[in-house]
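Undergrad: below: sequence and its predicted model.
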There are 2 protein chains.
Amino acid sequence: MSEPIPTEAQAAETQAVAPAATTTENTAPAPTAEGEAAGPTKGELKRRAKEAEKAKKAAERAAREEEERKKREAKEAQDDAKQNYGKLPLHQSQERNNRKFLRFGDLSESSVGQRVIFRARMHNSRAQGAKIVFLNFRQQTHTLQGVLVVSGEKDENQVSKQMLKFSQLIPSESIVLVEGVIKSAEVKSCTITDYEVGIHKLFTAVEVGELPFSIDDASRPEADFEKAEQDENLQYSRVALPTRLDNRVMDLRTPTNQAIFRIQSAVGQLFREYLNSQGFIEIHSPKLQGAATESGASVFKVQYFNGTAFLAQSPQLAKQMAIAGDMERVYEIGPVFRAEDSNTHRHMTEFMGLDLEMAFEEHYHEVLEVLDEMLKNIFKGLQKGFKHEIEVIKKQFPHEDFLFLDETLKLPFKEGIKMLKEAGAKASDGSELGELDDLSTENEKFLGRLVREKYKTDYFILDKFPLAIRPFYTMPDPVDSTLSNSYDFFMRGEEILSGAQRVHDPSFLIERMKSVGIDPSTMTGYLDAFKLGAPPHAGGGIGLERVVMLFLKLGNIRRASLFPRDPKRLTP
Amino acid sequence: MSEPIPTEAQAAETQAVAPAATTTENTAPAPTAEGEAAGPTKGELKRRAKEAEKAKKAAERAAREEEERKKREAKEAQDDAKQNYGKLPLHQSQERNNRKFLRFGDLSESSVGQRVIFRARMHNSRAQGAKIVFLNFRQQTHTLQGVLVVSGEKDENQVSKQMLKFSQLIPSESIVLVEGVIKSAEVKSCTITDYEVGIHKLFTAVEVGELPFSIDDASRPEADFEKAEQDENLQYSRVALPTRLDNRVMDLRTPTNQAIFRIQSAVGQLFREYLNSQGFIEIHSPKLQGAATESGASVFKVQYFNGTAFLAQSPQLAKQMAIAGDMERVYEIGPVFRAEDSNTHRHMTEFMGLDLEMAFEEHYHEVLEVLDEMLKNIFKGLQKGFKHEIEVIKKQFPHEDFLFLDETLKLPFKEGIKMLKEAGAKASDGSELGELDDLSTENEKFLGRLVREKYKTDYFILDKFPLAIRPFYTMPDPVDSTLSNSYDFFMRGEEILSGAQRVHDPSFLIERMKSVGIDPSTMTGYLDAFKLGAPPHAGGGIGLERVVMLFLKLGNIRRASLFPRDPKRLTP
């Protein structure tokens, strides 16, 4: 039979006893070597008796103290709240009790007095005296105050000093499991200001280590940092965008980001909602292409078994082929890949395209109008259904609400050039603006400001672009062959949608290809589709992240992308 | 002043007159050279007078004939129906009249007597005698009979013989613009059996050339071809799948494919609809990855500027990072890339993943139940809202309706093995089935048949898979460490969803990585997410095309993909 291995608790007990025994030994009287040689005098004996008495008293006192200490320690070790706090074992779905867990967003007057259980992040904590700790818990965009008070009563909800201490040592961002009772309260430090939770049980489900930055610092508006520079009592750490993106999981937890990605999700839903109501169907076209689709320069090459494939730069050709295949009205939400070495605030190498294509009857403006209504449906849907999220975002990125008109401004390209010229705009090289030249990014923004001033809108359409600056598949204007049936849509002076009526006649398409130097034999699959007959059609493509960035004025497209990709970033 | 350049019409007129003048000149008498030398005899003079008389008569007759011919031609050229038919110029959005165009699906009793205009494909035509032609027009899944009758009256709706002839020469699949009046009728050769259109105007908007196959042949069920083999009067051409895919635009026009891609679109909508109602948000994770995400063997490499990127084999890691970033409940619909050289009926190198991930409270079955309800929502939504499409597809791919239970069968993996063993199933190598071995495709299908027989369902869940056959991030069972908290969902005996509770503890995750031979240093971005704290979570991934293929029993996954990609196919 082997020795029983002591349990951890037994081992701890043994340790606790041992030092006490040692202490007692140290205070016991020890015979001295020098007194052994001569016989003791009377005075000496008296002195010794006195000392012995002293030693005895000291020993008695020590024993008494030790007993008291033991009693005190035993009392301390006896923690009647033990079952109410601690670290949970690894969650492996051990059991299921079908308890309903609270989401902070669901709190209401009827919650008051209810006993609740919830999972949340430990946002932060502060002690008030020796018997009260305030703990702020976070769920996505909401924070709720918890109060932990040491209680005298020995009932099942008892809160001990040890539990209080435990609560103070929980690292920020740990995931906790809390049980308590909802009370009415006036709270300033949380987003939920009318209620708090009186804590009865507090467990850590997941503990975290060192954090790259705090959620509070990552959530501050730029103005706060500027204020801190003037005030030495304010110690804020700016969190730079690259640091955020390197630690994107942490960054995503800010209320701002929680709100941004709800908005991003909503844009997609509103896009679909409107198009579904107009008889569109959703398609999924392949991202792996046998040939470079639009231009060889900016396409990513893929090693495809023993050959080469290319990543689609847009679903342009596929969605047109779907139209030739009688799908009539199609849309796609999918990734778009651009191998452009552009390191700007509005370019990524991978972004989400919201694309649509539609056969029309009389005029490409039928499609332009569907695009316009769809976008207005998005703007209205966001302003109506996502007020809370927009307010949360405004705290970090203050901006004026996005302005748009019931009747969208549709400006001919020539008119736009005229407005710019009258306002003194020049081309990038300083020359006069030409009616058939492309707009620089600066002039696009300038035009956005001029339009906002004159028409009170952040959203408008430029129609009838010069043919020469559009892709080969753009249909020329029926009257002026230097113009085309094409359009761009703008938000806050930046292009978010580009589209056109397409050339659906195969021989004219070949003519157009040749005129811009594309060898038709490299696009036979595409041409074959039109040889089989395609109806007149038009469409457009929207950058999802651009819409989100511009609607919320985030200033950088990476803030509107979950895990952005640019020429220098492929992780996380 | 330069000469005016004749218009095309003027040039044609000139040409038409010139040959007639030439003909007259050729028949005029010409003096002969030989008669000039000697004086003519009396007989000779008489003969000459006779010849002259003959020539004169011939000339008169020729002139008369010419005049008649001119009259006849003029009469023929006079076509009072000219304005009612012909070829339209290239559609460049020349004008807009805001006419409402008919969609065949909208026809109802109230349409009878209405004058309509519509765009459609010329499906086919057949003459009945010299004065009537029946033309079948097609819009997606609907065909409508048109009747063209030569009319005596000279009104604006006149139909001439020339117009009739024109209609018969329009190639199948051309896009036509038709005006006419809807009439009640009994029609056998079209999907619309109660109405037909009396044609007043008929124009070709887009004419097509040679077709790779006919829509009728491409729409036939296999049984028709088998019948044709027994009956020499039936001349059908089987259209093989590769031929269809090479000419996918043509193939997509069959009513079957029109219906399949409506169903595919609906699966995505029903997926989102249910998850949105459960508080999920849609995310978009990058397909370009800095490292091979799951296993190096089956990942596509991308040339990324001067470095290398990889195409995501699933959004697995990204969606888990979103959970660590407090997104709580997320889903994604996006392309998934697998560089596997599998040439089977159910593998593609690119397919659409319907992925979701969800933090849970007590037990991973909370997630399993969300997945189950979501799938049942899809099945119910299709059977309720897409009856017409399912019926259209059944004509070409006959199948029994998909069976599923209100309360889904959840079978432990061990139970599945037991059922198989009792039915005499063996492993692929002929050995006994082991409780911890993976199921072969054959045994999966066999189990599907056993389950259908016993439980009357085409849909069930296998739960508690052996740990060893699941990915490293799968959470082990809390009691039996050879098992795991993981599950597969099956439709008609084929796996369509795979999922599990994930390991959310970073040190345990490292342990699991090492145990399967993955170097944790290659996945630091992923591990970092868990070091920052992730709640317990589970999820799953569904193959969109598999769901469509199995629900409709299409037999090959390529039929459920718009432009499928496999090791041998990158186009169109």
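TA: It's in. Numbering: from 1, shown residues only, chains lettered A, B, ... in the order given.
Undergrad: longest helix in chain A, please.
TA: helix A:42-77 (DSSP state H).
Undergrad: just checking, next helix/strand downstream of that helix?
TA: Following helix A:42-77 in sequence order, the next helix or strand is strand A:85-87 (DSSP states H and E).
Undergrad: so what strands line up beside the helix or strand just after that following strand?
TA: Note on strand A:85-87: by DSSP H and E, the next helix or strand toward the C-terminus is strand A:115-128. Strand A:115-128 has these partner strands in its sheet, going by DSSP bridges: strand A:132-139 (antiparallel), strand A:175-184 (antiparallel).
Undergrad: how far is the longest helix of chain A from where the chain is centred?
TA: Remark: helix A:42-77 is offset 66 Å from the chain centroid, using CA atoms, centre = their mean, to the nearest Å.
Undergrad: check which helices and strands that helix sits against.
TA: Counting contacts by 3 or more CB pairs under 8 Å, 6 or more residues apart in numbering or on different chains; DSSP states H and E, helix A:42-77 packs against helix A:8-26. For every residue, glycine as well, the C-beta is placed using N, CA and C.
Undergrad: surely residue A:458 and residue A:404 touch.
TA: Yes. The pair residue A:458 / residue A:404 is scored as a contact, 6.4 Å apart, by CB atoms under 8 Å.
Undergrad: looking at those two, which is more packed in?
TA: residue A:458 (22 against 19; other CB atoms under 10 Å in any protein chain shown).
Undergrad: need the pLDDT of residue A:27.
TA: Predicted confidence (pLDDT) for residue A:27: 40.
Undergrad: re earlier: can you list the strands paired with strand A:115-128 in a markdown table and add mean neighbour count and mean pLDDT?
TA: Output for those, formatted as a markdown table (neighbours: other CB atoms under 10 Å in any protein chain shown; pLDDT from 0 to 100):
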| stretch | mean neighbour count | mean pLDDT |
| --- | --- | --- |
| strand A:132-139 | 22 | 97 |
| strand A:175-184 | 19 | 97 |
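Undergrad: and of those strands, who's closest to residue B:156?
TA: strand A:132-139 (71.1 Å; CB to CB).
Undergrad: show me the contact partners of that closest one.
TA: A:103-105, A:118, A:120-128, A:143-150, A:164, A:167-168, A:170, A:176, A:178, A:189-190, A:197, A:199, A:202, A:215, A:253, B:326 (CB atoms under 8 Å, 6 or more residues apart in numbering or on different chains).
Undergrad: if we go to 6 Å?
TA: A:104, A:120-121, A:123-127, A:143-149, A:164, A:167-168, A:190 (CB atoms under 6 Å, 6 or more residues apart in numbering or on different chains).
Undergrad: returning to that earlier point: so for the longest helix of chain A, mean pLDDT?
TA: The average pLDDT for helix A:42-77 rounds to 82.
Undergrad: now swap in stretch A:322-341 and tell me
TA: The average pLDDT within stretch A:322-341 is 96.
Undergrad: please name whichever of the strands paired with strand A:115-128 is nearest to residue A:221.
TA: strand A:132-139 (18.7 Å).
Undergrad: how distant is the closest one from the center of its chain?
TA: Using CA atoms, centre = their mean, the offset of strand A:132-139 from its chain centre is 22 Å.
Undergrad: just the CA atoms of it, as PDB, please.
TA: Below are the C-alpha coordinates for strand A:132-139, written out as PDB (Å, rounded to 0.1, in the frame of the first residue of the first chain):
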ATOM      1  CA  ILE A 132     -17.600  47.900  -1.000                       C
ATOM      2  CA  VAL A 133     -16.300  47.400  -4.500                       C
ATOM      3  CA  PHE A 134     -17.900  48.700  -7.700                       C
ATOM      4  CA  LEU A 135     -17.400  46.500 -10.700                       C
ATOM      5  CA  ASN A 136     -18.200  47.700 -14.200                       C
ATOM      6  CA  PHE A 137     -19.300  44.900 -16.500                       C
ATOM      7  CA  ARG A 138     -19.400  45.200 -20.300                       C
ATOM      8  CA  GLN A 139     -21.400  43.500 -23.000                       C
END
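Undergrad: C-terminal to it, what's the next element?
TA: strand A:142-149.
Undergrad: is chain B within reach of that next one?
TA: No. Contact of strand A:142-149 with chain B (CB under 6 Å from any CB of the partner chain) is absent, the minimum separation being 11.1 Å.
Undergrad: not counting that strand itself, show me its contacts.
TA: By CB under 6 Å, 6+ apart, strand A:142-149 touches A:104-105, A:123, A:132-137, A:159, A:164, A:167, A:187, A:190-192, A:196-199.
Undergrad: of those, just the buried ones, ChimeraX syntax please.
TA: To isolate the buried members of the contacts of strand A:142-149 in ChimeraX, using 16 or more other CB atoms under 10 Å in any protein chain shown:
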select /A:104,123,133,134,135,136,137,159,164,167,187,190,191,192,196,197,198,199
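Undergrad: then the helix or strand residue A:547 falls within to CSV, C-alphas only?
TA: Secondary structure from DSSP H and E places residue A:547 in helix A:544-552. The C-alpha trace of helix A:544-552 is given here as CSV (Å, rounded to 0.1, in the frame of the first residue of the first chain):
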residue,chain,number,x,y,z
LEU,A,544,-19.2,48.4,-48.9
GLU,A,545,-16.4,49.8,-46.7
ARG,A,546,-16.5,53.1,-48.5
VAL,A,547,-20.2,53.5,-47.8
VAL,A,548,-19.6,52.7,-44.1
MET,A,549,-16.5,55.0,-43.9
LEU,A,550,-18.2,58.0,-45.6
PHE,A,551,-21.6,57.6,-43.9
LEU,A,552,-19.9,57.6,-40.5
